[in-house]
Structures are given as C-alpha cells and as structure tokens.
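Colleague: okay, here's the prediction I keep looking at, along with the sequence it came from:
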Amino acid sequence: MGLIVFENIYAQRRLKLGRTAPGYGAAALSWALVLLALSDFPVMAQRKYDPGATDAEIKIGNIMPYTGGFSEYGATGRAEAAYFQTINDQGGINGCKINFISVDSGSDTSKAVTLAHRLVEEDQVLLTAGIWGAPANMAIRSYMNEKQVPQLFAGSETAFDEPARFPWTMGFQPSRRTEGLAYAKYIVQNKPAARIAILSSRDATGQEWTGGIHDGLGEKASTMIVKEATFEYSDFAALNAQVMALKESGADVFMNLAVGRLATLVIRKAYDLDWHPLQFIPNASLSVAAFLEPAGLKKSAGIVSNARSKGWLSPESRQDPAVRMFLEWMKKYNPDASIRDANYVYGYEVAQTLVEVLKKCGNELTRANVMKQAASLDLELGMLRPGIKVTTSPTDYQPIKQLYLMQFDGKEWAALGKVVGN
C-alpha cells in the first residue's frame, strides 16, 4: 500500500518538472521509490502523541477504593484491569499496549486530588477513566479541566454532563435524577395510595436522588411522602434510630437511598424491625455478592432497583452469546471473583467503551482527539439490555441514558417493566 502512495507522489512531481532527464528509466524510478520510503517524507501518515502515549503503550490513570469502607467497589477497577489485559493479550490497540495505572484511595475522598496530580504530573497518563465515586470525581474535575486531561466515564450516578463548563469530564451511567424519576413514576402507576418514607445522604448526591423522586411524584409528593430522614456516611450508628423513625411513620414504601455497606445495614435493620415495605435501593447497591448476601437474601427479597445490563445468573440468560462471552471472560481473567458481583459487569462495560474510544483515535493519540472521539459514540455493548445504547455528542456527555426496573426474588434479579429514561 505504501509503494502505491509513493508512486503517485513521484508521478505528480514528474508532471511538474516536465520530461524526465535522459538516462532515467525504470531503474531510476525504483531508486527514487526506495529513497522516498527511507526518508521522513511529509505526506506520510504520522502518529501524533500527547504525554501518556507512545508507539508502545497508552497510559490510563484510575483511582479506586480497593481498601476501606467502600472497598467492594474495587471490583470495578479489577474488572477494568482484567479487560485491558485481555486487549493486551490480543496485541493491544493499533500495536500499543495499555498500561493501566490504578491507585488505591483507601475510600478516602480527601486523597483524590493528590492522587490525580500524581497520575497526571508524575505518571503522565494520557487520560483517566472509571474513577469511582461522585465526591472523588467532583474534587478533581476542575484540576483535570485546567490541565486539559480527559476524565472519562466517571464512576458515579451524578450527572457529569456539562460539556460547556467542563469539556474534559464525561459521565457514564444514568444519573441519580433519572433513577429517582423512574422510581417515582413506578409508584404513581402501581401504588397510587402509597405512603413513602425516604432515607438519603446529607449531601448533593442525596439531594439529586430525592429531587428526582419529588419531580416524578409531582403535585402528589406533598401527600405521598410522609417522612424523610438524612444521614452521614461517617455516622453508621445513627442509622438505627433513623430507620426506626421511618418505620413509625406508617410508610409502606421505603426509598433506601444508601450506597454500599450502609444499604446492607439498612436492609437488615428494616427486616429485623419487622418492617416490610416495598423497598427501593440505588443501582450502586444492587450487587448480590457485595451487598444483598451480607444483608441476607431472605431479608432482601422483594427489593426493587434498576439496571442497564442483561441478567447473567439464570440458565436462560446464558443462551445469549454476549452473556456467554462475558462469563467465559470472567472464568479466564477473574477466576477467583464472585460471578454474582455486578461490579464486574460495570467495569467490563466501562473498559469496553474506553477501548472503542481509543480504537477510534487511530494514529492520533492526543488528549483532544480522545475527547473528540468520546463525544461521538454510538455503541451497542453486548451486556447492555436491548434498547439501551452508549451514545454521545459534543453537547451530550451522558453516554447511557436509559435503565429498567427490576425486583429481587431472593435469589436473583428479574426485570420489572420496560426500558425507561431520556
């Protein structure tokens, strides 16, 4: 292919110079082609790199809570690392191997800025991807945009979708507001006389969920919501009294908007108090292995949550080729992990999406081109439920906008209605 390009260039030069000088024939043409091939000819396709990319590797930075109070979410980082290893085993991306530099925050948000500085200034990553948690991503967002380093696929339900203000930061999954709206609409349609109790964190993320619920209920919110309580993630001990107060409100619908281990504690406490409302939990707390089994499968039965991905635990689901591929990948690259942990599916999907972005970059592995390609996605990932796609544009930084509700039957999650969302 290269020789054809050089021959065309040589022919064009001959046209400009006129007749070939005497004595030049086929041999001269051959030598000219050799010289052109060996020279740094300006028309040749050149690779363009920013810090973090070379002919040999692409450095990707990540911050993950591998230890501490949110260590269960470290599974997403392990899944991402395993998927990138899969790509490296296949030869990399355009011959470049992925160097995934994932650092442990110890579940301490205050470390996020220092760790981001280290990744950008010392490790010189091309980009960051899949950093876990709204507080961590919010803390580093201004810095990443000041340095013009892509902060892709933030691991949070917070809507990191402000391309005009933060053009280097992009979210991934549906927002907390979308979740809240979906829960509220389901209640209005299926339990119009519900008495609702809400437990949420005393911060912006809790307000985003409750705001979606209030908006989804509309004018009915004032009569349907009978009690609201807030908590601090640093104060586990206060939860018992709050759950008791919510039970005493007489509510028959419970919005348990706690994340991770706190969701587990609240599920267990409500059951032990002999309070059995229709309970909703966030997508972030749906992992059977990480959160429901510790709460007790019997105590978790009947809970409603939401998801984007296909089921993969039932024999029926394994008829799907994409599900079989995921399970085979888990067996090979995560043999010691629990197949019931949904965090591995999430990390798998984030890593798949990032690989597609890097492939689209071609020979131009610059930070600006990474963001350009990330903002022009139209993907159907194998593990996403039909009707849910990854789509972005320069004015739309929310890759996944749809979800579906599901209910836990004591063993696994079952779909509860159609795909909903923006």
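Modeller: Structure received. Residues are numbered from 1 along each chain as shown.
Colleague: switch to C-alpha atoms for all contacts and neighbour counts from now on
Modeller: Will do.
Colleague: care to break the chain down by domain?
Modeller: 2-44, 57-174+320-401, 176-307 (automatic domain parsing).
Colleague: which strands and helices sit next to the helix or strand containing E80?
Modeller: Assigned by DSSP states H and E, E80 belongs to helix 74-89. Applying 3 or more Cα pairs under 8 Å, 6 or more residues apart in numbering; DSSP states H and E, one finds that helix 74-89 contacts strand 57-64, strand 97-104, helix 321-333, helix 342-361.
Colleague: at 7 Å instead, please
Modeller: Applying 3 or more Cα pairs under 7 Å, 6 or more residues apart in numbering; DSSP states H and E, one finds that helix 74-89 makes contact with strand 97-104, helix 342-361.
Colleague: of all the domains of the chain, which one comes closest to Q407?
Modeller: Judged by Cα to Cα, the one of these that comes nearest to Q407 is domain 176-307, at 4.4 Å.
Colleague: ok, back up a step: need the helices and strands packed on helix 74-89 in JSON lines (columns: distance to A82 and mean neighbour count).
Modeller: JSON lines is the format used below for the helices and strands packed on helix 74-89 (distance: least, Cα to Cα, whole Å; neighbours: other Cα atoms under 10 Å):
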{"stretch": "strand 97-104", "distance to A82": "10", "mean neighbour count": "20"}
{"stretch": "helix 342-361", "distance to A82": "8", "mean neighbour count": "21"}
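Colleague: redo those as CSV? Include distance to K48 and mean pLDDT.
Modeller: Below are the helices and strands packed on helix 74-89 laid out as CSV (distance: least, Cα to Cα, whole Å; pLDDT from 0 to 100):
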stretch, distance to K48, mean pLDDT
strand 97-104, 16, 98
helix 342-361, 10, 97
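Colleague: turn those into JSON lines, including distance to A290.
Modeller: Listed next are the helices and strands packed on helix 74-89 as JSON lines, based on distance: least, Cα to Cα, whole Å:
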{"stretch": "strand 97-104", "distance to A290": "19"}
{"stretch": "helix 342-361", "distance to A290": "8"}
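Colleague: quick check, A154 in contact with Q173.
Modeller: No. Look at A154 against Q173 with Cα atoms under 7 Å: they stay out of range, at 8.5 Å.
Colleague: residue ranges with poor pLDDT in the stretch 51-200 of the chain?
Modeller: For the stretch 51-200 of the chain, not a single residue meets the criterion pLDDT under 70.
Colleague: strands along that one, start to end?
Modeller: Ranges of strands in the stretch 51-200 of the chain, per DSSP state E, counting those that start in this stretch, are 57-64, 97-104, 127-129, 151-152, 196-201.
Colleague: in TSV: those strands, plus distance to P335.
Modeller: Listed next are these as TSV, based on distance: least, Cα to Cα, whole Å:
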stretch	distance to P335
strand 57-64	21
strand 97-104	20
strand 127-129	24
strand 151-152	28
strand 196-201	35
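Colleague: out of the ones you listed, which is closest to T366?
Modeller: That would be strand 127-129 among the strands of the stretch 51-200 of the chain, by Cα to Cα, at 9.5 Å.
Colleague: can you list contacts of that closest one?
Modeller: 60-62, 149-154 (Cα atoms under 7 Å, 6 or more residues apart in numbering).
Colleague: which of the residues you listed lies at the shortest distance from E349?
Modeller: F153 (10.4 Å).
Colleague: that closest one - how many residues pack around it?
Modeller: A count of nearby residues for F153, using other Cα atoms under 10 Å, gives 26.
Colleague: ok, now which ones touch it?
Modeller: Applying Cα under 7 Å, 6+ apart to F153 gives the contacts 129-130, 170-172, 350.
Colleague: from N99, how far out is it?
Modeller: According to Cα to Cα, to the nearest Å, F153 stands 18 Å off from N99.
Colleague: how about P394?
Modeller: Applying Cα to Cα to P394 and N99 gives a distance of 28 Å.
Colleague: before we move on, the earlier item: for ChimeraX, what selects the buried ones among the contacts of strand 127-129?
Modeller: Only the buried entries of those go into this ChimeraX selection, using 16 or more other Cα atoms under 10 Å:
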select :60,61,62,149,150,151,152,153,154
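Colleague: F84: which of the contacts of strand 127-129 is nearest?
Modeller: For the contacts of strand 127-129, the nearest to F84 is I60 (10.0 Å; Cα to Cα).
Colleague: residues touching the nearest residue to the closest one once chain neighbours are set aside, list them.
Modeller: Spatial nearest neighbour of I60, chain neighbours left out: F100 (4.9 Å); criterion: Cα to Cα, 6 or more residues apart in numbering. Contact partners of F100, counting by Cα under 7 Å, 6+ apart, are 59-61, 81.
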